[in-house]
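Engineer: What follows is a predicted protein model with its sequence.
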Amino acid sequence: MTKQTDKRRVFKIGIAMAGAVSAGAYTAGVMDYLLETLREWEKAKAKNRELGEQHPEYDASIPMHDVVIEVMGGASAGGMTSAMTALSLFEDMQAVHDIHAPRIKNKLFDSWVNLNDGQGKSTLEQMMEPRDIREEMGVPSLLNSEPIDQIALRAAEMSGKPKALPPYISPNLEIILTICSLRGIPIDVNFFDNDRPKSLRKPVRPAHRMYLHKGVAHFKVNPEEDQAEHLISFDPNNEQDRLLLMECAKATGAFPIGLKSRLLKGTSLSYIKGMVKRMFKSKNNDFKLENIGIDINTEDDPFEFVAIDGGTVNNEPFGEIIDVLEERYEEGSEFAVLMIDPFPNFTQSEGRVSHPTKLIELVPSIIDAIRGQALMKENDLIKGLSNDYSRRMIFPSRGGDPYPIACGSLDGFGGFFSKEFREHDFQLGRKNCQSFLRNYFVVPCKKAYDMEVFSDWEKDDEKYKRYYNPERDGYPIIPDISFDRRNINTSALGIPERKKISPKVIFDLEKSMVKRFTEVLINLNQSDYVRPTPEQLDLKEKVEEIMETHYRSSVWSKISSGMMTAFGKLFWKYYLSGVLAKVMAKEAIKAVLTDFEKRGLLSEDHKKKK
């Protein structure tokens, strides 16, 4: 007989996933263990509720409060993982215990560890193929992004009818993916009186024009009828909704230059305005941009734009996650934000010049300063969470190893070189998540006593004996039911073995690199032709007339100049581009070997030949 008389005691969770490129395999592993833990805990609670407290088989050591994930989101690889995680919640996703199992029914593992490997070619080899480069269109990116498209299409597929969300996921789950728009949203700041009579206003009033390049794709499951403009409805039963989610996931993961930028079509102007309004608003729901003299100066509807990696301007979007939690916050509720960051900052960046004075030092320092300021979150840092338990970060840790994740090499691109690197990082993510839940994600007792979530905990009861953390003097927010402090033999995941890569594997990529780089160099100057306006043509003719009067050219010089230009193009296409491509490939291989050797990822096969 079920006994359920207690009011539901809920702790709310928001998850922010930082950018990581191929190290998204680590983030995927963290999420895999987190969801497995919530799933197994829910089974134990459901069994207790079915039995009732008076039943002899009722397990009093199982905490009966609830934890609900209200929102998750991220940038770049973190945003892609957020989207893939959301889709996997509507399926019977199996946790990964054996990475060598013949069939692993797990979107996170399949997307991040398997990537698009198959048909005799690794994903990296496919990314070196030049078939995406077309003479009339130019070069979309340094690497071929078609394998990313294939991964996204698979992730959007559903194996059967989507299932209902589990109890530990909010039925109104929100998914936030950061976006960087190269077009930017034109925003005018008015310095004039808004309430002047229209008859006294000029047709076009001067204003201070700025462009907002930071944005988000903000989805919500099961939206209300009066849903806010800044939310995009998401129905897992609708294939177009799933494809749109993955299209935005590809956009947030479009690493600048390296991977293809993404043209986002169909974005309504009302959504753009709602998104901007939310960025500026206070908690006043009646807030209007025009009340503070701000105007979005465009009539384009839909508002189309090209997007690149969301991490360019917002790589750790914990502020957006906090906003959702605060909007849903009810008096007496408790909540926290978890950030999964494969690349936490422990020390100052290597090789950074502290006092640049030379031009060669100034250029990279200026770029660092611009991006560093863009990533700074002044408002987010002072938002309503405390610093005792409500902000926590899961990051790679491997017994003091300074380079714990293999995919962290080459600024996050290292994982594309080896599936074994990605397998290691996925397993390490699971290991680190287990350690985090068991040892660090706790509420101090001095706080727990005032929280409804822990109102039924008492010293020396079975829950206390099983889960009380003496080192942190606190109670776990998410109890791992595979853990029991009363039993010193409770199993813990081991640190995964990290495999090394043979230099031969890297050298074997040289031919593909040369072919790719050659096509990139040949077609680099190709672009979509934009027809000039009559005014531009007229201006061009006038400037050329002025130039001709100063630089008079003979007939012979014009002919010889044309011949030299034609010869130069042929020389570049059939010889020089190939030479430079070989140099680029050699330098790229040298950079890969240097970084892998520094991180202890190279095997010693090459030494046996000496």
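Structural biologist: Structure's in. What do you need?

Engineer: show me where the stretch 301-450 of the chain has strands.
Structural biologist: Residue ranges of the strands in the stretch 301-450 of the chain, as given by DSSP state E, counting those that start in this stretch, are 305-308, 334-340, 391-394, 442-444.

Engineer: Pull out the buried positions in the helix or strand where Glu597 lies.
Structural biologist: Per DSSP states H and E: Glu597 is located in helix 577-598. Of the residues in helix 577-598, 577-578, 581, 584-585, 588-589, 592-593, 595-596 count as buried by neighbour count, 16 or more other CB atoms under 10 Å. C-beta: built from backbone N, CA, C; applies to glycine.

Engineer: same question, stretch 29-45
Structural biologist: The neighbour-count check on stretch 29-45 (16+ other CB under 10 Å) flags 29-38, 41-42, 44-45 as buried.

Engineer: From the residues you listed, pick the one nearest Asn172.
Structural biologist: Leu38 (17.4 Å; CB to CB).

Engineer: Among the strands of the stretch 301-450 of the chain, which comes closest to Glu548?
Structural biologist: strand 305-308 (37.6 Å).

Engineer: returning to what we had before: what about the helix holding Glu597, distance to the chain center?
Structural biologist: In this view, helix 577-598 has its centroid 28 Å away from the chain centroid, taken as CA atoms, centre = their mean, to the nearest Å.

Engineer: For that helix, what does the pLDDT average out to?
Structural biologist: The pLDDT scores in helix 577-598 average 95.

Engineer: most packed of the strands of the stretch 301-450 of the chain?
Structural biologist: Ranked by mean neighbour count under mean count of other CB atoms under 10 Å, these are led by strand 334-340, which reaches a mean of 24.

Engineer: is it true that Met210 touches Val189?
Structural biologist: Yes: Met210 sits in contact with Val189 when judged by CB atoms under 8 Å, with a separation of 6.7 Å.

Engineer: what's the following helix or strand after the longest helix anywhere in the chain?
Structural biologist: If each helix of the chain is counted by residues according to DSSP state H, the longest one is helix 24-51. Past helix 24-51, further along toward the C-terminus, the next helix or strand under DSSP H and E is strand 66-74.

Engineer: which strands and helices sit next to that next one?
Structural biologist: Using 3 or more CB pairs under 8 Å, 6 or more residues apart in numbering; DSSP states H and E as the contact criterion, the elements in contact with strand 66-74 are strand 10-17, helix 24-51, helix 77-88, strand 169-189, helix 318-328.

Engineer: For the fourth one, enumerate the helices and strands it packs against.
Structural biologist: Right, strand 169-189. By 3+ CB pairs under 8 Å, 6+ apart, strand 169-189 packs against strand 66-74, helix 77-88, strand 208-221, helix 239-252, helix 269-280, strand 294-296, strand 305-308, helix 318-328.

Engineer: In a markdown table: these, plus distance to Ala101 and mean pLDDT.
Structural biologist: Formatted as a markdown table, these follow (distance: least, CB to CB, whole Å; pLDDT from 0 to 100):
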| stretch | distance to Ala101 | mean pLDDT |
| --- | --- | --- |
| strand 66-74 | 26 | 96 |
| helix 77-88 | 17 | 97 |
| strand 208-221 | 30 | 92 |
| helix 239-252 | 25 | 96 |
| helix 269-280 | 42 | 88 |
| strand 294-296 | 51 | 83 |
| strand 305-308 | 36 | 95 |
| helix 318-328 | 33 | 88 |
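
Engineer: Out of the ones you listed, which is closest to Ile495?
Structural biologist: Nearest to Ile495, of all the helices and strands packed on strand 169-189, is helix 77-88, at 22.2 Å by CB to CB.

Engineer: Please identify the most buried of the helices and strands packed on strand 169-189.
Structural biologist: For those, ranked by mean neighbour count under the definition mean count of other CB under 10 Å, the leader is helix 77-88 at a mean of 29.

Engineer: gap between that helix and the chain center?
Structural biologist: Relative to its chain's centre, helix 77-88 lies at 8 Å (CA atoms, centre = their mean).

Engineer: next helix or strand past it?
Structural biologist: Toward the C-terminal end, the helix or strand that comes next after helix 77-88 (DSSP H and E) is helix 107-109.

Engineer: Check the offset of that following helix from the chain's centre.
Structural biologist: With CA atoms, centre = their mean, you get 15 Å for helix 107-109.

Engineer: cool, stretch 244-262 as well?
Structural biologist: Taking CA atoms, centre = their mean, the mean C-alpha location of stretch 244-262 is offset from the chain mean by 10 Å.

Engineer: for that stretch, how far is the first residue from the last?
Structural biologist: 12 Å (CA to CA, to the nearest Å).

Engineer: swap in stretch 153-172?
Structural biologist: Start-to-end, stretch 153-172 (CA to CA) is 24 Å.

Engineer: Which residues belonging to stretch 542-562 are considered buried?
Structural biologist: Here stretch 542-562 shows no buried residue, counting by 16+ other CB under 10 Å.

Engineer: low-confidence ranges in the stretch 1-150 of the chain?
Structural biologist: Across the stretch 1-150 of the chain, the ranges flagged by pLDDT under 70 are 1-7, 135-136.

Engineer: switch to 90 and redo it
Structural biologist: Within the stretch 1-150 of the chain, the segments meeting pLDDT under 90 span 1-9, 20, 92-93, 97-105, 118-120, 134-138.

Engineer: sorry, back to before: which elements pack onto the longest helix of the chain?
Structural biologist: Taking 3+ CB pairs under 8 Å, 6+ apart as the contact cut, helix 24-51 packs with strand 10-17, strand 66-74, helix 77-88, helix 107-109, strand 334-340, helix 419-439.

Engineer: who wins for proximity to Met279 among these?
Structural biologist: The closest of the helices and strands packed on helix 24-51 to Met279 is strand 66-74. By CB to CB, the value is 14.8 Å.

Engineer: Distance from the closest one to the middle of the chain?
Structural biologist: 16 Å.

Engineer: CA atoms only: put it into CSV for me.
Structural biologist: The C-alpha coordinates for strand 66-74 follow below in CSV (Å, rounded to 0.1, in the frame of the first residue of the first chain):
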residue,chain,number,x,y,z
ASP,A,66,13.3,15.2,-5.0
VAL,A,67,15.9,16.9,-7.2
VAL,A,68,14.6,18.3,-10.5
ILE,A,69,16.6,19.6,-13.4
GLU,A,70,14.8,22.8,-14.5
VAL,A,71,17.2,24.1,-17.1
MET,A,72,20.4,23.2,-18.8
GLY,A,73,22.4,25.0,-21.4
GLY,A,74,25.8,25.7,-22.7
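
Engineer: Which strands border it, and is each parallel or antiparallel?
Structural biologist: Partners of strand 66-74 in the sheet, by DSSP bridges, are strand 10-17 (parallel), strand 169-189 (parallel).

Engineer: which of those strands is buried the deepest?
Structural biologist: Among the strands paired with strand 66-74, strand 10-17 has the highest mean neighbour count (mean count of other CB under 10 Å), at a mean of 25.

Engineer: CA atoms only: put it into CSV for me.
Structural biologist: The C-alpha atoms that make up strand 10-17 are tabulated as CSV, following Å, rounded to 0.1, in the frame of the first residue of the first chain:
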residue,chain,number,x,y,z
VAL,A,10,12.1,19.7,-4.2
PHE,A,11,15.6,20.9,-4.8
LYS,A,12,16.0,22.6,-8.2
ILE,A,13,19.0,22.3,-10.4
GLY,A,14,20.3,24.2,-13.4
ILE,A,15,23.3,22.9,-15.4
ALA,A,16,25.7,25.1,-17.4
MET,A,17,28.1,23.4,-19.8
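
Engineer: in the sheet, who's paired with the spatially closest residue to Gly184 that is not a sequence neighbour?
Structural biologist: Spatial nearest neighbour of Gly184, excluding adjacent residues (CB to CB, 6 or more residues apart in numbering): Tyr211 at 3.1 Å. Counting by DSSP bridges, Tyr211 is bridged to Pro186.

Engineer: what residues are up against Tyr211?
Structural biologist: Counting by CB atoms under 8 Å, 6 or more residues apart in numbering, Tyr211 touches 183-187.
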